[in-house]
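Q: Quick one, fold the following:
(2 chains)
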Amino acid sequence: MAEHKNPNYMAIFWWLFGLTLAELGVYALPLVKWLFVILLISLALSKAALVAMFFMHLRIEHRTLSLIAVTPLVLGALLVFLLSMDISFVPLHTADAVRTTAAGH
Amino acid sequence: MTMHPPETLEPAESPLTPDSWGKLGMWVFLAGDAAGFGVLLASYGAIRVSSTDWPVPSQHFGIQLTAFMTFLLICSSVTMVKSLEAIQAEARGRMKLFLFLTVLGGAAFLGLQAYEWTHLIENGLKVYGNPWGSTLFGTTFFVITGFHGLHVTGGVIYLTCILVHVSRSQDMARNYKLAEIAGLYWHFVDLVWIMVFTFIYLL
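A: Below you'll find the predicted structure:
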């Protein structure tokens, strides 16, 4: 059996509960879009980190397991970066195509 | 003279996996699964940003219900870790109670998801279309929440098997390892829902 000292699970529960209420609070506020998105994603990542660190014991686990856990995050970040580049350039290509078509007529 | 290999040379004692091969296996599986969910959510974001007629989720989804579903999964994660504490304390009654409550939380989540899906389908949200805008609004919703729901279903079945097994077994050290590995899966399901709740329902 594991010999480590367990974290205070009820404290983590109250943090998660509080952060969920904060999410609902942000959701109800009339904020500008970029602030709304940043706040909600930050709150979700904070909750996910609490679950991974304390409930999944990553904080006290062997480093190998932490490296395994971080791998999909790195891949995810790369994917989001590449997709954002793609999305950013699609309208330009589309606009170019429309101009070229219009010039041909 | 007969030589017996010392017990400390078991594979589980290697520097890579100081605790358990089972735990390592579960983490590798979860990393692959996380990549799958990551692809789904990133694709959802890309499709949504590219769309010109994406409906406003808050106008069609019940946020109060899904917030309660989030609360249920958080509670079930707490009961899961409480069952591990009970195993450490060799309290068999509490171990069984907390594992049962975890299974119950998962089952209740699935019941609420079925209720939500039924309500949305009756209102016109389908995999192949909806009355409010982009067809992919319904497709992405059902694929992502459905994929997560399948994970919850798998988790409920898995935890039920673990509950039956540890209820019969007297080996508490082994029970701890089995419940800890099952717990990793269950917390992962909770973690993914935290992201799904934000990306699909709130944003």
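
Q: Under the pLDDT cut-off, which ranges of chain A? List them.
A: Applying pLDDT under 70 to chain A flags the ranges A:1-4, A:90-105.

Q: Quick one: list the elements packing against whichever strand or helix holds residue B:34.
A: Of the helices and strands defined by DSSP states H and E, residue B:34 is found in helix B:21-50. With contacts defined as 3 or more C-beta pairs under 8 Å, 6 or more residues apart in numbering or on different chains; DSSP states H and E, helix B:21-50 has these neighbours: helix A:63-104, helix B:136-168, helix B:172-196. Bear in mind the C-beta positions are built from the backbone N, C-alpha and C, glycine included.

Q: a markdown table please, covering those and showing mean neighbour count and distance to residue A:19.
A: As requested, these are exported to a markdown table (neighbours: other C-beta atoms under 10 Å in any protein chain shown; distance: least, C-beta to C-beta, whole Å):
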| stretch | mean neighbour count | distance to residue A:19 |
| --- | --- | --- |
| helix A:63-104 | 12 | 19 |
| helix B:136-168 | 18 | 20 |
| helix B:172-196 | 22 | 9 |
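
Q: so which of the ones you listed gets nearest residue B:52?
A: In this view, those are compared for proximity to residue B:52 by C-beta to C-beta, and helix A:63-104 is the closest at 10.8 Å.

Q: Quick check: closest non-adjacent residue to residue B:136.
A: Of all residues not flanking residue B:136 in the chain, residue B:47 sits nearest, at 5.3 Å (C-beta to C-beta, 6 or more residues apart in numbering or on different chains).

Q: Then residue B:132?
A: Residue B:132 sits nearest to residue B:55 (C-beta to C-beta, 6+ apart), 3.9 Å away.

Q: What number of residues are in the vicinity of the one you found?
A: Applying other C-beta atoms under 10 Å in any protein chain shown, we find 17 residues neighbouring residue B:55.

Q: Same check on the one 3 residues further on?
A: Number of residues near residue B:58 (other C-beta under 10 Å) recorded here: 12.

Q: mind checking the SS state of it?
A: When classified by DSSP: H, G, I helix; E, B strand; the rest coil, residue B:58 comes out as helix.

Q: now swap in the one 3 residues further on and tell me
A: For residue B:61, the assignment made with three-state DSSP gives coil.

Q: Quick one: residues contacting the closest residue to it other than its chain neighbours.
A: What sits nearest to residue B:61 in space, not counting adjacent residues and going by C-beta to C-beta, 6+ apart, is residue B:201, at 5.2 Å. When contacts are counted by C-beta atoms under 8 Å, 6 or more residues apart in numbering or on different chains, residue B:201 is found next to B:57, B:58, B:61, B:63, B:66.
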